[in-house]
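Colleague: Provided below are the primary sequence and the corresponding predicted coordinates.
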Amino acid sequence: MILYEYEGKKLLKDAGIDVPDAILIDSIAALQNDTLENRLLRFTRNDKVVLKAQVLSGKRADAGGIIRIKNKELRIKEELEKLFSKTINKEKVEKILVEEMVEYEGPEYYLSISYDTDSRGPVLTISSSGGTGIEEKEVKTYSIDPVTITCTIVHHIVPKEIIDKLMNLFFEQDMLLLEINPLVRGKDGKWIALDAKIKLEDNAAGRHKDWNFPPRSAPGHSATKNEIEAKKIDEGDYRGVAGSTYFDLDGDIAILASGGGASLTAMDALQKCGGKPANYTEYGGNPPREKVEKLTRVVLDKPGIHGLWVVGAVANFTDIYETLSGFVEGLRNLRKSGMKIDFPIVIRRGGPRDKEAFEMLKKVKDFDLHIYGEETSIAESAKIMAEEAKKYATST
Amino acid sequence: MLLLPEGAKLIGQGITGSEGTRALEWSQAYGTQIVAGVTPGKGGLTHLGVPIFNTVKEALDGIGKVDGSVQFVPPLFTKAAVLEALDARIKWVLIGAEKVPTKDSAIIYAKAKEMGTSVIGPSSVGIICPSRKLKIGTIAGGAPERVFPKGNVAIISKSGGMTSEIGLHLKNNGFGVSWAVGIGGDRIICSDYVDLLMEFENDPETKATVIFGELGGTYEERVAKFVKSGKIKKPVIVFIAGEFTLNLPNDVQFGHAGAIIEGDRGLPDKKREVLRQAGVKVADNLDEIPKLVKQVI
């Protein structure tokens, strides 16, 4: 989960890293609050403030998400209203952080801690030329020993004390990314983090009862209704996964894929033969049939579907009979609720109990099922699916 | 040493759970020797004929030296279980759990490296070697011969399902496997493609290796580097999935934890390009793999 700047800065502050004085305005309605104006005028002695739209995507400044105000008395409320009406990189502005404008001299430093697949461990990345466009600038990377939480960096103008605090915070909070860009030295000599991008590891949520962050979508993306529904399926049920990754796409072929790698392979194959997926999602790790039943209902819950592709590799331990039984239950429940399901459904699957699953599917006569096992490759079934969907689209 | 010898003896940590039990039955049926189990609180029981102990140390005191440990411990307990095995001087570990936090994997990798222990995973579907009757983990479920007949092609895959899928494609074209290994699709994997390819260089049964890769990380790029520098001489055939994700939001994880594009790192196209330049055969379509294998064997 990626944190909003204000959430990340709170973690930094709690860890003893200085951040600018700030007020969070958590909704446009809060602008009507009588005490707000007073608070805005008093939270810092500084007359200069920065309004920062709280969105997850980067390059926020370029998209107009950051507004600097030299005299806050004059136009702060008006500017806040304007900023609340904006959409920054496809994200609606729902919260704004009002911060004192920190005065500093000297360079803007970029500092991050993350995991690197080259060294297969955590690394510290640091540069004396932070700011926007950091991707193109020269950076130095140092390994961190995850056992002792020490870094190979020897001497740097950024004090060791700050680096140590950040490393400890990174590990204590099971972060995947801790990025400060920029880190500056204020006129009073204090180091201060002007921005914070933090990504927490979802897999570690079970040992962080203190994490109370509301659900959110990917950066630069507003979650659709189906995406929100799909995510709910795994909540509180650790048996396998179903729908944790779900995206709506523009096509007309609904996708119910199995397995991380196989789902990617299947999507690539479908696109190659001209099929247009209506979504991406996958289930795997031997989920119970109820999860597949729910995910079936989610993927078909949209107009303009011309086909459904149920696709996976030869599974190792996912029970094919159980999962496909859940799928058929999902279809029947949808029909009971009044949905018309007469489009072609192409199934390609193999694995434990697949013979029983195919026997069960053969008896299903009330849907247009096209059943294939391991003798038909994923790519071949992609072609069949694309053709069947085309036929259906032209016939209706 | 990642490639265990024939007759290797293993302990199973967490084999009394439901997934561990299924895998244990399948391993036993294949002829793999799981000689003891470890589940805290269940010491003294016998599970499918296997004596269960409370700790790894007690197990080794009870049954003597073993060649490795296979783990079916839940993700948040995996680190402690692996470190227990390392402390007991076990030299080979396979981690089956998915969703192990990256911090824990980093610690496991660092400790294992320090102690010279071979670790496969996390998120490994398992390893199978038909000629040595080794089947460790859940790989190929209860019907291994269906996708992995004995042969001379090795498979290394980030995806469990695709390990079997590739095995099936090979089998349908008359090839069998020397080894098939699921290395897991996490950000930090304790054994990557290169670690295994380097051992296949000295494995007389392996004539070529098929790799399933996907978007994210740099493990595929490392293969290119090693092939280019001549350290890996046996032929390598690669398939890389994840093209379609380019139309989707950046910074999203697809299925596996390591399947994520951050900035311009991890793009499937770039991976193919560096691999091709290094002389690796790249399959554009999964169905092409057997044809490419035929060209090199």
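Modeller: Noted; the coordinates are in hand.
Colleague: the strands in the stretch 1-150 of chain A, which residues?
Modeller: A:22-25, A:49-53, A:66-69, A:87-88, A:91-92, A:96-100, A:104-116, A:121-127, A:140-145, A:150-151 (DSSP state E, counting those that start in this stretch).
Colleague: can I see the domain layout of chain A?
Modeller: As recorded under automatic domain parsing, the domains making up chain A are A:21-100, A:104-207, A:225-395.
Colleague: what is the end-to-end distance of the second one?
Modeller: The straight-line separation of the ends of domain A:104-207 (CA to CA, to the nearest Å) is 39 Å.
Colleague: now do the strands in the stretch 151-300 of chain A.
Modeller: A:175-186, A:191-193, A:197-200, A:241-248, A:253-258, A:279-284.
Colleague: scratch that, the stretch 151-297 of chain B is what I was asking about
Modeller: B:177-182, B:208-214, B:236-241, B:281-283.
Colleague: next, count neighbours for B:E6.
Modeller: 10 (other CB atoms under 10 Å in any protein chain shown). C-beta: built from backbone N, CA, C; applies to glycine.
Colleague: for whichever residue of the stretch 51-200 of chain B sits closest to chain A, what are its contacts?
Modeller: In the stretch 51-200 of chain B, no residue comes nearer to chain A than B:S159, which is 2.3 Å away by CB to the nearest CB. Applying CB atoms under 8 Å, 6 or more residues apart in numbering or on different chains to B:S159 gives the contacts A:G259, A:G260, A:G261, A:A262, A:A313, B:G182, B:G185, B:F212, B:E214, B:A241, B:G255, B:H256.
Colleague: before we move on, the earlier item: make JSON lines out of the strands of the stretch 151-300 of chain A and add mean neighbour count, distance to A:N71 and mean pLDDT.
Modeller: Listed next are the strands of the stretch 151-300 of chain A as JSON lines, based on neighbours: other CB atoms under 10 Å in any protein chain shown; distance: least, CB to CB, whole Å; pLDDT from 0 to 100:
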{"stretch": "strand A:175-186", "mean neighbour count": "22", "distance to A:N71": "21", "mean pLDDT": "95"}
{"stretch": "strand A:191-193", "mean neighbour count": "20", "distance to A:N71": "22", "mean pLDDT": "97"}
{"stretch": "strand A:197-200", "mean neighbour count": "21", "distance to A:N71": "30", "mean pLDDT": "96"}
{"stretch": "strand A:241-248", "mean neighbour count": "23", "distance to A:N71": "44", "mean pLDDT": "92"}
{"stretch": "strand A:253-258", "mean neighbour count": "27", "distance to A:N71": "54", "mean pLDDT": "98"}
{"stretch": "strand A:279-284", "mean neighbour count": "27", "distance to A:N71": "49", "mean pLDDT": "96"}
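Colleague: among these, which is nearest A:R353?
Modeller: Closest to A:R353 of the strands of the stretch 151-300 of chain A is strand A:253-258 (CB to CB; 13.9 Å).
Colleague: per-domain residue ranges of chain B.
Modeller: Each domain of chain B is listed here as a residue range: B:1-123, B:147-297, per automatic domain parsing.
Colleague: export the strands of the stretch 151-297 of chain B to a markdown table and tack on distance to A:S377?
Modeller: Shown next, in a markdown table, are the strands of the stretch 151-297 of chain B (distance: least, CB to CB, whole Å):
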| stretch | distance to A:S377 |
| --- | --- |
| strand B:177-182 | 18 |
| strand B:208-214 | 14 |
| strand B:236-241 | 12 |
| strand B:281-283 | 12 |
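Colleague: flag the shaky bits of the stretch 51-200 of chain A, pLDDT-wise.
Modeller: A:131-137 (pLDDT under 70).
Colleague: repeat for the stretch 101-250 of chain B
Modeller: For the stretch 101-250 of chain B, the stretches with pLDDT under 70 are B:249-250.
Colleague: helices along that one, start to end?
Modeller: B:102-115, B:160-172, B:193-200, B:219-228 (DSSP state H, counting those that start in this stretch).
Colleague: could the ones you listed go into a markdown table alongside mean neighbour count?
Modeller: As requested, the helices of the stretch 101-250 of chain B are exported to a markdown table (neighbours: other CB atoms under 10 Å in any protein chain shown):
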| stretch | mean neighbour count |
| --- | --- |
| helix B:102-115 | 21 |
| helix B:160-172 | 27 |
| helix B:193-200 | 20 |
| helix B:219-228 | 21 |
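Colleague: including distance to A:K390, could those go into TSV?
Modeller: As requested, the helices of the stretch 101-250 of chain B are exported to TSV (distance: least, CB to CB, whole Å):
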stretch	distance to A:K390
helix B:102-115	43
helix B:160-172	26
helix B:193-200	38
helix B:219-228	34
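Colleague: those: which one's closest to A:T117?
Modeller: Of the helices of the stretch 101-250 of chain B, nearest to A:T117 by CB to CB is helix B:219-228, at 6.1 Å.
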